[in-house]
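Asker: Generate a structure from the sequence data that follows.
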Amino acid sequence: MYLHDITYDSFLLMRFDWQVNKAKPLLESLKPLRVIIQHLDTQARYYLYQSEEVVKQLSTANAEQTLYNALKLDDATETPVWDAYSDAEKAPDFCIVTDEERVIGFYDVSVPPSHRQKRGDGGEVPTDDIITRSLVTDFPEQVALNDTVSLLVSLSAEEITSHDLPIALTKGATVEIVIQSLRHFTVVGKSEGQLVISDEDETLPLQFKLNANTLGPGKIRVLAFHEGQALGEIKLSPLVVEQTTESTRTEHEQSLKQVTVEQPDLLLLILEHEHQSKPAVTFRLYAKDPLLGLDFNAYGPISLRMEPLQFFQDFFNDIENMALNAATERRLATKGAHLFETMFPKELQILLWELKDRIHSVKIQSDEPWIPWELCRLHGRDENGRIVESAFFCEAFAMTRWIPGIPRTPHFTFNKMALVVPTNSGLPDALNERDYLKSLAHEKRQIKLIKPQFIDVYEALASGEYDAWHFTGHGIFRAPDPNRSGIVLEDGKLTAEDLSGEIKNLGNTHHPLIFLNACQAGRGALSLTDIGGFAAQSLRAGAGAFIGAYWKIYDNAACKFAEAFYDRLLAGKPIGKAVQEARLEIKKSGDPTWLAYTVYAEPLAIIK
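Answerer: Sure, this is the predicted structure:
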């Protein structure tokens, strides 16, 4: 059993430099089971406390003291940190639990195991035609360096206890499997295959070969799809050891989820990995139309020859610093064309050019956080052999993004929106945007203004009451750790890192649409080994969709984009189409704001 199977997620994550007058009211309001204090210097350190203990100590402290001083944090009181995929039996009695360096909870032997609620996808109830199965993997827990070993993947009728997501696929349905090595292994030969749902209790397994190339904890991802729709994933963390250690095998099971989402015309799965000791990306393409013959066909890899974070920071800075004149549109087109040429293999460039008039909706599933795929500009050759340009991806297609392994939401509700608009932003159109959103209220829809202060926003998020969130104001991107990026409130900022612990209740009842209409709020990067930033953190917290901007946006254009987007979404258009049309609505303003937005959602999801 893994440590994450017995991990508690009822905690409040606070930073060591918070003042007592900020932390104490939040603790008293939310009443989490535990408090985790994060201290950042050369590396992250954590301190785990009972809530009552912290409240008691803070009651006698000076209101302006920091938690570091009020709680007397030092090395002696530091709490050990363990990986979520560690053996639960070997874990200490008291520890912080992280998944890819991100705090997901704690373990305390004095507290009985919790029953954690899993997020569903809001799909239909399975019928008698549905067969229940689980995805099963068999792979050694330890692999000797330079050995090549088999990864077996199959479907099983065995009842699952530690993973309780439902399988809901009909007899004869196919399950496409894609293997991705993230660390210390190389896939040898094929990395994809197909399983078929049947009456058999156990299917014949697919066999994949992986070579262990580096000592240390490895990371392998098994991704499952049905007709282009993501079903789920299994993460494996085998240890690569010296040749003297014997290998042992272990099985992992992950239930697959019922597929009820209308699929887009094209799914572009982009997988990051190492190629010839350099970071690289490989593309897999799946088309809804079987006549196109695209069933996770592989293209690439494309090696990244410089640091992606720095490259795209400079890329966005160039756009932010563009003078608004007759040359602006041409400069943007040039950057988009260069991005298309740079990031796509030649074979895939030609294919996408040929398909541009046959596809309308596109979903990009990508586990890299840097690349603004929306800005790639299609171009190819005409019948005379001349190179001609078409449109940006986000202009040509109803396009959205998603992160592999995070459950998707097939539709939204829009009955209670939380609206956050700081009054001190100095943005004239922020008030116009606020008034427009307030006008959307009627007898079946509430628009509630949340006081734009940290505690009020935090409590509202943690309440889980809202199925939509909209913020209008200023945003800040912080590198190298994007989880320190924030939206600016009247008394400080709310960071992406704050979307953890109790605040993840925002997705318990609803899977809200979160729209941060602020500069740079949609930009992501790697936080240690994981994707960071508001988009990734929002989706992990249970959001069904996220919209934010890559770069600094113009006030008036941002306001008009929001109005155009909500008008179309509430009129029944799918979110991908609503965003596409809203972009074109503000394109005529002449500034780059129309290209700035990134959208994480199912492209064909609608409001119900």
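Asker: so where's the protein shaky on pLDDT?
Answerer: The model of the chain has pLDDT under 70 over residues 42, 112-129, 159-168, 244-261, 306-309, 369, 478-484, 520-532.
Asker: tell me the domain ranges of it?
Answerer: When the chain is parsed with automatic domain parsing, its domains come out as 3-108, 130-260, 402-607.
Asker: What distance do you get for residue 409 to residue 455?
Answerer: Distance of residue 409 to residue 455, given as Cβ to Cβ, to the nearest Å: 28 Å. In short, each C-beta sits where N, CA and C put it, glycine included.
Asker: In what element of secondary structure is the residue lying farthest from the centre of the chain found?
Answerer: The outermost residue of the chain relative to its centre, with distances by Cα atoms, centre = their mean, is residue 384 at 43.0 Å. For residue 384, there is no helix or strand it lies in under DSSP states H and E.
Asker: Can you tell me the element residue 516 falls in?
Answerer: Per DSSP H and E, residue 516 falls inside strand 513-517.
Asker: any residues touching that strand, and which ones?
Answerer: For strand 513-517, the surrounding residues in contact (Cβ atoms under 8 Å, 6 or more residues apart in numbering) are 412, 414, 433, 467-473, 475, 487, 522, 534, 538, 543-549, 553, 558-559, 561-562, 565, 575, 601.
Asker: Can you say which of those residues are buried?
Answerer: With burial judged by 16 or more other Cβ atoms under 10 Å, the buried subset of these is 412, 414, 433, 467-473, 475, 487, 522, 534, 538, 543-549, 553, 558-559, 561-562, 565, 575, 601.
Asker: before we move on, back to that, which one of the domains of the chain lies nearest to residue 287?
Answerer: Counting by Cβ to Cβ, residue 287 lies closest to domain 130-260 out of these; the figure is 7.7 Å.
Asker: Any idea how far that closest one is from the middle of the chain?
Answerer: Mean-position distance between domain 130-260 and its chain equals 21 Å (Cα atoms, centre = their mean, to the nearest Å).
Asker: does residue 362 have beta-bridge partners, and which?
Answerer: Beta bridges link residue 362 to residue 266, residue 399, judged by DSSP bridges.
Asker: returning to what we had before: restricted to helices, list the contacts of strand 513-517.
Answerer: The members of the contacts of strand 513-517 that map onto helices under DSSP state H are 433, 534, 538, 558, 559, 561, 562, 565, 575.
Asker: before we move on, what SS does the residue positioned nearest the centre of the chain have?
Answerer: With distances taken as Cα atoms, centre = their mean, residue 536 lies nearest the centre of the chain, 3.2 Å away. Here residue 536 is recorded as helix under DSSP: H, G, I helix; E, B strand; the rest coil.
Asker: pretty sure it contacts residue 404?
Answerer: No: the criterion here is Cβ atoms under 8 Å, and residue 536 misses it with residue 404 at 11.5 Å.
Asker: Can you name the residues that contact residue 68?
Answerer: 16, 17, 39.
Asker: does the second one count as helix, strand or coil?
Answerer: Per three-state DSSP, the local secondary structure of residue 17 is coil.
Asker: Isn't it up against residue 67?
Answerer: Yes: the pair residue 17 / residue 67 is scored as a contact, 7.4 Å apart, by Cβ under 8 Å.
Asker: tell me, what's touching those two both at once?
Answerer: Counting by Cβ under 8 Å, 6+ apart, nothing touches both residue 17 and residue 67.
Asker: Let me see the ranges of the strands in the stretch 251-400 of the chain.
Answerer: Ranges of strands in the stretch 251-400 of the chain, per DSSP state E, counting those that start in this stretch, are 266-275, 278-287, 295-303, 361-366, 377-381, 387-392, 398-402.
Asker: Can you name every helix or strand that the second one contacts?
Answerer: Counting contacts by 3 or more Cβ pairs under 8 Å, 6 or more residues apart in numbering; DSSP states H and E, the secondary-structure elements packed against strand 278-287 are strand 266-275, strand 295-303, helix 346-355.
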